[in-house]
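Asker: kindly return the folded structure for what I paste below:
(one chain, ligands or ions: 2)
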Amino acid sequence: MKALVLIGGFGTRLRPVTYSVPKQLIPLAGKPMLYHVLDLLPPDVEEVALATGYKSDLIEAYVRAHPPRWPVTTVPEAEPLGTGGGMKNAGGGMSDPFYLLNSDVIASVDLGALAARQAGHGGLGTMTLTEVEDPRPYGVAALDEHDRITAFVEKPEPARAPSRWINAGISVWHREVLDAIPGGRPASFEQEVLPQLLERGVYGFRYTGFWDDAGTPARLLRSQQLLFDAGRGGKGTVPSGTFGTGPVALMPGATVRGASFGKYVTVGANAVVEAGAYVENSVLMEGVQVDRDATVVGSILGPKARVHPGHRVTGQVLAEHGEA
Ligand code: GDD
Ligand code: MG
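Answerer: Residues are numbered from 1 along each chain as shown. Ligands and ions are numbered 1, 2, ... in the order given. Model (predicted):
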């Protein structure tokens, strides 16, 4: 089977970091969000097409420098085509059926079991569904007693959410789905296309493991916690020569001697946390500098951001080269 990954969004809810870096390259628990998504793919997937748009060149360069285990091709959009348009644009060489993944979701879904469910019912597609407290920011499904999806509402008004089971952004589709998407113009798969397809048999695959969408600052940090708690961020300790609890994921070239850490921290490539500084529940991207005796809690620091000696940063998203 092949896989199509949607990775063309602007990441507006993670600005200002996403003015310079696409959100899928923000590291969580030691590696970019995108690579945690790719980790879901079975080893025998033949090819992964990345439907890119915004900052496609950065994604392509990163993937070339850090090749995943599957052959990857990048299919950029000149203009943002939306999720449906991106599928149509990049889906030409897909297998039948194929996996479709959003690039900002954190989960441990068994894609082999998802594909088996699809083969078992013979409908057009199968969507992983996860139950959430508040379905309003997501696409919400109503299901019949055979878990066939009978209605789908993207980002419903509170009174219109048909259930609390939402689209987890991990699905499998027959190729024919691509014929149902209008070509040459932007289209939202979830809003415009999917509701028309339900009569052809779209099923829910109920998933109860950990899940989050890392598309906002709070959810990004929660996604990182989930990954660390699931053992996806290396050892649950602090690096040698440092103090505190961890877990901490150090990326290549990070320097942290004499620093202290609370829980859930990524220190990006070539970032520096000086002696006496304290970092907790945060993502420090490439080349970040946290000076001596500074404190960083609950924050996302963009590439080369700097926190000056003794300064305190709490609950902030700092741009590339931002200072505090
Ligand atoms: N190629 C391409 N082109 N990809 C796009 C475009 C585009 O124009 N716009 C968004 N994407 C990608 C994003 O990069 C992301 O990986 C995925 O499509 C979904 O876009 P988001 O902007 O993250 O959507 P969302 O989180 O509000 O909602 C989606 O995900 C939810 C689960 O996290 C929907 O699929 C919901 O139904 C779902 O519940
Ligand atoms: Mg999202």
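Asker: taking the mean pLDDT, what do you get for stretch 232-242?
Answerer: With pLDDT averaged residue by residue, stretch 232-242 scores 85.
Asker: who touches it?
Answerer: For stretch 232-242, contacts defined as Cβ atoms under 8 Å, 6 or more residues apart in numbering pick out 28-30, 36, 39, 224, 227-228, 244-250, 256-261, 266. Using the backbone N, CA and C atoms, a C-beta is placed for each residue, glycine as well.
Asker: and the end-to-end length of that stretch?
Answerer: End-to-end distance for stretch 232-242, by Cα to Cα, to the nearest Å: 21 Å.
Asker: okay, now the closest residue to ligand 1 within the stretch 201-324 of the chain: neighbour count?
Answerer: When scored by Cβ to the nearest ligand atom, the stretch 201-324 of the chain has residue 213 as its residue closest to ligand 1, at 3.4 Å. By the measure other Cβ atoms under 10 Å, the count of residues near residue 213 is 23.
Asker: and it, how far from residue 24?
Answerer: 12 Å (Cβ to Cβ, to the nearest Å).
Asker: and for residue 318?
Answerer: Residue 318 is 19 Å from residue 24, by Cβ to Cβ.
Asker: who has more neighbours out of the two?
Answerer: Between residue 318 and residue 24, residue 24 has the larger neighbour count (other Cβ under 10 Å), namely 29 against 24.
Asker: so the more buried one, which state does it fall into?
Answerer: What DSSP: H, G, I helix; E, B strand; the rest coil gives for residue 24 is helix.
Asker: ok, it - contacts?
Answerer: Taking Cβ under 8 Å, 6+ apart, we find residue 24 in contact with 7, 32, 33, 34, 37, 59, 103, 104.
Asker: thinking again about what came up before, the residue of the stretch 201-324 of the chain closest to ligand 1 contacts residue 169, correct?
Answerer: Yes. Using Cβ atoms under 8 Å, residue 213 is in contact with residue 169, at 6.9 Å.
Asker: now for the two: what residues contact both?
Answerer: 102, 104, 105.
Asker: out of those, who's nearest residue 288?
Answerer: residue 104 (21.4 Å; Cβ to Cβ).
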